[in-house]
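Colleague: got a predicted model here, sequence first, then my questions.
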Amino acid sequence: MSISLTAAAADRIKSYLDKRGHGVGLRLGVKKTGCSGYAYVVNYADEVLGTDLVFEQLGVRVLVDKDSLGYINGTEVDFVKQGLNEAFKFRNPNVKGECGCGESFTV
């Protein structure tokens, strides 16, 4: 079971946590929504919960609840900038399909 980060994603998370002045890492999960079934939920975590699995890479913690891990196990999180847009991108080996707008996925 694993979640990995690119150097760009780790740098972005560290930078934002430093700017916030608090936090223990990035919280990553999924929720049932959208036209394809599931969407990623990304937040900054202020604490580790008892239901969290913690993955640490490049000095950054990624916290995932046990229910979400089955949908995102093996995912690589990247941070990309394209023109004025910037966002986390997910390379999830479990995805079988995505909606046209890219906001939701099927596993």
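Modeller: Sure thing, it's come through. Given the structure is predicted, the values throughout are model-derived calculations rather than measurements.

Colleague: Asn73 reaches Ser2, doesn't it?
Modeller: Yes: Asn73 is in contact with Ser2 according to CB atoms under 8 Å; the separation is 6.9 Å. Where you see a C-beta, it was placed from the backbone N, CA and C, and this is true even at glycine.

Colleague: mind listing what's buried in the top helix by length along the chain?
Modeller: Across the chain, the longest stretch assigned as helix under DSSP state H is helix 7-20. By neighbour count on 16 or more other CB atoms under 10 Å, the buried set for helix 7-20 is 8-10, 12-13, 17.

Colleague: got it, and stretch 51-67?
Modeller: So, applying 16+ other CB under 10 Å, buried residues of stretch 51-67: 52-53, 55, 57, 60-64.

Colleague: that stretch - what's its average pLDDT?
Modeller: Per-residue pLDDT over stretch 51-67 has a mean of 94.

Colleague: now do the strands in this protein.
Modeller: 4-5, 25-33, 37-45, 52-57, 60-65, 76-82, 85-91, 97-98, 105-106 (DSSP state E).

Colleague: could I have stretch 18-38 exported to PDB, CA atoms only?
Modeller: Provided in PDB are the C-alpha atoms of stretch 18-38 (Å, rounded to 0.1, in the frame of the first residue of the first chain):
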ATOM      1  CA  ASP A  18       5.300  26.900   5.900                       C
ATOM      2  CA  LYS A  19       3.100  29.800   4.600                       C
ATOM      3  CA  ARG A  20       0.200  28.600   6.800                       C
ATOM      4  CA  GLY A  21       2.400  28.300   9.800                       C
ATOM      5  CA  HIS A  22       0.900  25.000  10.900                       C
ATOM      6  CA  GLY A  23      -0.100  21.500   9.700                       C
ATOM      7  CA  VAL A  24       1.200  18.000   9.600                       C
ATOM      8  CA  GLY A  25       0.800  17.200   5.900                       C
ATOM      9  CA  LEU A  26      -1.600  16.700   3.000                       C
ATOM     10  CA  ARG A  27      -4.900  14.800   3.600                       C
ATOM     11  CA  LEU A  28      -5.900  12.800   0.500                       C
ATOM     12  CA  GLY A  29      -9.100  10.900   0.000                       C
ATOM     13  CA  VAL A  30     -12.000  10.200  -2.300                       C
ATOM     14  CA  LYS A  31     -15.700  11.000  -2.200                       C
ATOM     15  CA  LYS A  32     -18.600   9.500  -4.200                       C
ATOM     16  CA  THR A  33     -19.600  12.200  -6.600                       C
ATOM     17  CA  GLY A  34     -19.500  13.400 -10.200                       C
ATOM     18  CA  CYS A  35     -20.600  11.800 -13.400                       C
ATOM     19  CA  SER A  36     -18.000   9.000 -13.200                       C
ATOM     20  CA  GLY A  37     -18.300   8.000  -9.600                       C
ATOM     21  CA  TYR A  38     -15.500   9.300  -7.400                       C
END
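
Colleague: okay then, goodbye and thanks.
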